[in-house]
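Asker: missing the sequence, but the structure's below:
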Ligand code: GDP
Ligand code: MG
């Protein structure tokens, strides 16, 4: 296996959303990713534009259909009537609320690197709807929101962070949020104990 495609070079995008900043959870959120051994290779704080947010969610041309169908299924599973049966109409509402949410204040965009980073970060982040996110995850531990409450109030569900869902999504999203010169390749001292094959440099 060559160095360039070793699993330790996998990267993912994490965005701490405005509620994460406003609730003073920046350190807590970063700590949870950092302590696994993952490496922070890019970070910046700014207020994203509506265009950046809309393009972020629609990088995958299938996102509108998939999200709409998922949301409609969510209503039906709970015994509720969806606002419309057209998945694209449902997504239009979700997207409008997401743009308002993400542009309401500063966010922190980060790129994390390490073996299986996409899956590890999603595991630590927890499921999309905080009501059902597992205890021990960021969304499960720090949020009390639900689709039912957020839909009732015509707003996005406040789930603290975005994390890429697959390596392909991560690749597209990192390109969308960061330029190449904002990302730094460097060695962490702990990389040795995480990835070294022979462990032959520990004893004097
Ligand atoms: P994530 O990858 O876990 O953030 O979830 P998705 O990529 O599926 O969805 C992106 C965002 O769309 C979520 O963070 C939610 O804000 C919103 N969203 C997704 N599914 C639903 C849904 O069923 N209902 C509502 N109201 N919002 C949703
Ligand atoms: Mg997603």
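Answerer: That came in fine, so what should we check first? Note that this is a predicted model, so its numbers are computed, not measured. Ligands and ions are numbered 1, 2, ... in the order given.
Asker: what residues are up against residue 108?
Answerer: By CB atoms under 8 Å, 6 or more residues apart in numbering, the contact list for residue 108 reads 15-16, 20-21, 26, 43-45. C-betas here are computed from N, CA, C, even on glycine.
Asker: what does residue 17 give?
Answerer: Residue 17 touches 101-102, 107, 158-162, counting by CB under 8 Å, 6+ apart.
Asker: now the residue nearest the centre of the chain: how far from residue 115?
Answerer: Nearest to the mean C-alpha position of the chain, by CA atoms, centre = their mean, lies residue 163 at 1.3 Å. Distance, residue 163 to residue 115, by CB to CB, to the nearest Å: 16 Å.
Asker: go on, residue 145?
Answerer: Residue 145 is 31 Å from residue 115, by CB to CB.
Asker: you'd agree residue 43 is in a helix?
Answerer: No. Counting by DSSP: H, G, I helix; E, B strand; the rest coil, residue 43 is not part of a helix but strand.
Asker: who has more neighbours, residue 145 and residue 115?
Answerer: For the pair residue 145 and residue 115, the greater number of neighbours falls to residue 145 (20 against 16), based on other CB atoms under 10 Å.
Asker: secondary structure class for that one?
Answerer: Under three-state DSSP, residue 145 comes out as coil.
Asker: Let me know how buried residue 140 is, in neighbour terms.
Answerer: Residues near residue 140, counting by other CB under 10 Å: 16.
Asker: Check which helix or strand it maps to.
Answerer: Residue 140 belongs to helix 138-142 when assigned by DSSP states H and E.
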